[in-house]
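Trainee: Sequence first, predicted coordinates after that:
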Amino acid sequence: MAFCLNIILIVLGIIGAVFSFKENQFVMFKYYTQDSNFLGLLSSILFVITGISSLKAGKLKTVEFVSKLRFMAVCCMCLTFLVVIFVLIPIAGFDWTCWYLFKGSSLFYHTLCPIIGFVSFAAFEDVVNLRFANACFNAIPTVIYAIITITLNALYIIDGPYAFLKVHEQSILMSVIWFILIVGGSWLIAILIYLLKKKNLKVN
């Protein structure tokens with residue numbers, strides 16, 4: 001099931017990438033949504049490739065590096081989904097039919113890929129040598145993204161792309177609060193997924 005779901009994720013991820021490029025060209029890389037889903041796409045590709053290699057040897061096995069990369073990617077994609085639900089949609093006036101969930105690349109990168117990715121990892125994928133430290137490390141991509149985009153906003157190199165990153169349009173305190181909320185949320189998501197895996201699934 002995990003193998004099949006990751007094949008589906010690859011297909012959806014590629015379709016989402018096509019839509020993203022049509023919408024924003026290479027500017028798409030400034031969005032956390034695209035970055036997190038590209039990480040997810042890479043992890044799914046590696047999962048399938050290593051899975052095929054192990055099947056040729058006679059048994060489907062999970063490679064430790066790939067399983068932990070999947071863990072990190074799924075955490076990032078879940079953060080994308082939750083920020084859309086609890087931040088972007090409320091800012092848009094709770095318009096649940098807006099493009100944040102169902103239009104263009106958002107259908108794939110805000111909705112389908114995060115949900116399917118979470119189900120695949122949480123319910124079906126094995127994780128080799130899963131430790132609490134892995135959950136802590138999973139916030140690193142979010143921290144790196146936040147530092148880079150906040151710095152570029154402060155230097156007037158880019159604008160946003162999210163309202164809570166526009167440091168010149170809010171107080172320093174508000175920027176710090178948003179940083180803590182987003183990074184802390186990323187860390188909390190990783191811990192919750194870690195606990196779910198430890199409690200409900202067999203960890204090799």
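Mentor: Okay, I see it. Residues are numbered from 1 along each chain as shown.

Trainee: where in this structure is pLDDT low?
Mentor: Scanning the chain with the threshold set as pLDDT under 70 gives 56-60, 96-98, 200-204.

Trainee: Okay, helices next: where are they in the protein?
Mentor: Here the chain has its helices, by DSSP state H, at 2-24, 32-56, 64-83, 89-91, 99-102, 105-106, 113-119, 132-137, 140-154, 172-200.

Trainee: how much does the first one deviate in direction from helix 32-56?
Mentor: Relative orientation of helix 2-24 with respect to helix 32-56: 150 degrees, computed using axes from the mean of the first three to the mean of the last three Cα atoms, to 10 degrees.

Trainee: quick one, what contacts residue 81?
Mentor: 110-111, 114-115, 118 (Cβ atoms under 8 Å, 6 or more residues apart in numbering). The way it works is simple: take the backbone N, C-alpha and C, and place the C-beta from them, glycine included.

Trainee: re earlier: show me the one of the helices of the chain that comes nearest residue 165.
Mentor: Nearest of those to residue 165, taken as Cβ to Cβ: helix 140-154 at 5.2 Å.

Trainee: Can I get that closest one in PDB? Just the C-alpha atoms.
Mentor: What follows is helix 140-154 as a C-alpha-only set of coordinates in PDB (Å, rounded to 0.1, in the frame of the first residue of the first chain):
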ATOM      1  CA  ILE A 140      15.200  22.400  10.300                       C
ATOM      2  CA  PRO A 141      13.800  23.000   6.700                       C
ATOM      3  CA  THR A 142      11.100  25.300   8.200                       C
ATOM      4  CA  VAL A 143      13.700  27.300  10.200                       C
ATOM      5  CA  ILE A 144      16.000  27.600   7.200                       C
ATOM      6  CA  TYR A 145      13.100  28.800   5.000                       C
ATOM      7  CA  ALA A 146      11.900  31.300   7.700                       C
ATOM      8  CA  ILE A 147      15.400  32.800   8.200                       C
ATOM      9  CA  ILE A 148      16.000  33.200   4.400                       C
ATOM     10  CA  THR A 149      12.600  34.700   3.600                       C
ATOM     11  CA  ILE A 150      12.500  37.000   6.600                       C
ATOM     12  CA  THR A 151      16.000  38.300   5.700                       C
ATOM     13  CA  LEU A 152      15.100  38.800   2.100                       C
ATOM     14  CA  ASN A 153      12.000  40.700   3.100                       C
ATOM     15  CA  ALA A 154      13.900  42.800   5.500                       C
END
